[in-house]
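Asker: Give me the fold of what follows.
(one chain, ligands or ions: 2)
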Amino acid sequence: MGSVVESTNKEVNGSVAVKNPTVVFVLGGPGSGKGTQCTNIVQHFGYTHLSAGDLLRAEIKSGSENGTMIQNMIKEGKIVPSEVTIKLLQRAMLESGNDKFLIDGFPRNEENRAAFEEVTKIEPAFVLFFDCPEEEMERRLLSRNQGREDDNIETIRKRFKVFLESSLPVIEHYTAREKVRKIDAGRPVEEVFESVKAVFTPKDEKAD
Ligand SMILES: Nc1ncnc2c1ncn2[C@@H]1O[C@H](COP(=O)(O)OP(=O)(O)O)[C@@H](O)[C@H]1O
Ligand SMILES: Nc1ccn([C@@H]2O[C@H](COP(=O)(O)OP(=O)(O)O)[C@@H](O)[C@H]2O)c(=O)n1
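Answerer: Ligands and ions are numbered 1, 2, ... in the order given. Below you'll find the predicted structure:
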């Protein structure tokens with residue numbers, strides 16, 4: 001027996017998709033704390049966390065035909081073609097049984113953004129942007145210790161360049177549409193989460 005969410009899913013471009021989902025894009029440079037804060041948001045606000053990077057790394061591990069291509073792109077800090085990432089996101093949304101999603105690390109360039117809009121017809125509720133100084137992000141990435149092939153100084157520099165050149169324009173796109181909620185992410189985890197909570201708490205529930 002399917003859940004209420006599944007039973008009301010709809011067809012989009014020939015594939016089944018979650019009906020009227022709430023989507024929050026979580027953006028910020030590499031190491032700005034997106035994953036860390038998403039874990040906190042999930043615990044407090046009932047969202048499903050979908051990390052584009054985690055989905056791509058799982059795809060490499062699964063031995064899929066795209067695995068080698070994805071692995072090479074990640075090693076170089078390059079953005080994987082949208083077609084691949086969007087399919088993974090759509091599948092994960094459907095499998096979750098939820099209708100509220102934090103989409104972390106996506107869209108990372110204009111191609112990601114335009115393709116997602118075209119394929120899914122989903123507009124994000126808002127965009128959470130973790131703004132963090134580069135020196136702090138570099139420090140965090142070099143001590144992350146998750147055995148990631150891209151957490152070395154050479155690839156980190158490439159990822160910073162891609163963030164400035166390709167991802168910031170996406171944030172500017174949503175800033176122009178008044179969708180961006182910018183958080184000072186250079187502070188300790190708990191302080192950052194206080195600011196995050198304020199964004200997710202409806203105005204009428206906030207204390208004066
Ligand atoms: N506010 C913070 N202060 C210090 N370290 C942090 C903070 N937020 C996250 N970290 C640490 O920095 C590293 C990168 O954080 P992560 O959440 O993986 O970033 P992202 O998903 O943006 O790449 C992790 O080791 C994490 O524990
Ligand atoms: N939308 C995305 C997200 C990540 N990626 C790839 O995955 C890598 C790691 O992304 P991530 O979000 O897991 O990690 P951070 O770079 O934010 O620390 C990126 O550098 C890209 O190579 C991608 O190609 N497309």
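Asker: Please enumerate the helices of this protein.
Answerer: 4-7, 34-45, 52-61, 67-75, 82-96, 110-120, 134-142, 153-162, 168-176, 189-200 (DSSP state H).
Asker: Report the distance from the fifth one to the chain centre.
Answerer: By that I understand helix 82-96. 12 Å (Cα atoms, centre = their mean, to the nearest Å).
Asker: Tell me if it is near ligand 2.
Answerer: Yes - counting by Cβ under 6 Å from any ligand atom, contacts between helix 82-96 and ligand 2 involve Thr85. For every residue, glycine as well, the C-beta is placed using N, CA and C.
Asker: Isn't Ala185 up against Gly28?
Answerer: Yes - Ala185 lies in contact with Gly28 (Cβ atoms under 8 Å); the separation is 6.1 Å.
Asker: Who has more neighbours out of those two?
Answerer: Ala185 (27 against 23; other Cβ atoms under 10 Å).
Asker: ok, that one - contacts?
Answerer: Residues near Ala185 by Cβ atoms under 8 Å, 6 or more residues apart in numbering: 28, 32-33, 37, 130-132, 192.
Asker: which stretches of this protein aren't confidently modelled?
Answerer: Within the chain, the stretches with pLDDT under 70 are 1-8, 11-15, 206-208.
Asker: Could I get the helices of the chain in CSV, plus columns for distance to ligand 1 and mean neighbour count?
Answerer: As requested, the helices of the chain are exported to CSV (distance: least, Cβ to the nearest ligand atom, whole Å; neighbours: other Cβ atoms under 10 Å):
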stretch, distance to ligand 1, mean neighbour count
helix 4-7, 26, 13
helix 34-45, 3, 17
helix 52-61, 7, 18
helix 67-75, 13, 16
helix 82-96, 16, 18
helix 110-120, 16, 17
helix 134-142, 3, 16
helix 153-162, 9, 15
helix 168-176, 14, 15
helix 189-200, 4, 15
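Asker: anything in contact with each of Ala185 and Gly28?
Answerer: 130-132.
Asker: which non-adjacent residue is nearest the residue of the chain found nearest ligand 2?
Answerer: Nearest residue of the chain to ligand 2 (Cβ to the nearest ligand atom) works out as Gly53 at 1.7 Å. Of all residues not flanking Gly53 in the chain, Gly105 sits nearest, at 5.0 Å (Cβ to Cβ, 6 or more residues apart in numbering).
Asker: before we move on, what about Arg144?
Answerer: Asp151 (5.4 Å).
Asker: What is the burial count for the one you found?
Answerer: So Asp151, with other Cβ under 10 Å, has 18 neighbours.
Asker: I'd like to know which residues of the protein are adjacent to ligand 2.
Answerer: 30-31, 34, 51-53, 56, 73-74, 77-80, 85, 105-106, 108, 112, 150, 159.
Asker: Test my guess that His44 contacts Thr201.
Answerer: No - here His44 does not reach Thr201: they are 9.2 Å apart, not a contact under Cβ under 8 Å.
Asker: center of this structure, which residue is that?
Answerer: Nearest residue to the geometric centre of the chain (Cα atoms, centre = their mean): Asp104, 1.3 Å.
Asker: Is it in contact with Leu50, as I believe?
Answerer: Yes - between Asp104 and Leu50 a contact is recorded at 6.6 Å, counting by Cβ under 8 Å.
Asker: so what's the residue nearest to Gln37 when sequence neighbours are not counted up against?
Answerer: The shortest distance from Gln37 to any non-neighbouring residue, by Cβ to Cβ, 6+ apart, is to Val196 (5.5 Å). By Cβ under 8 Å, 6+ apart, the residues touching Val196 are 37, 40-41, 128, 183.
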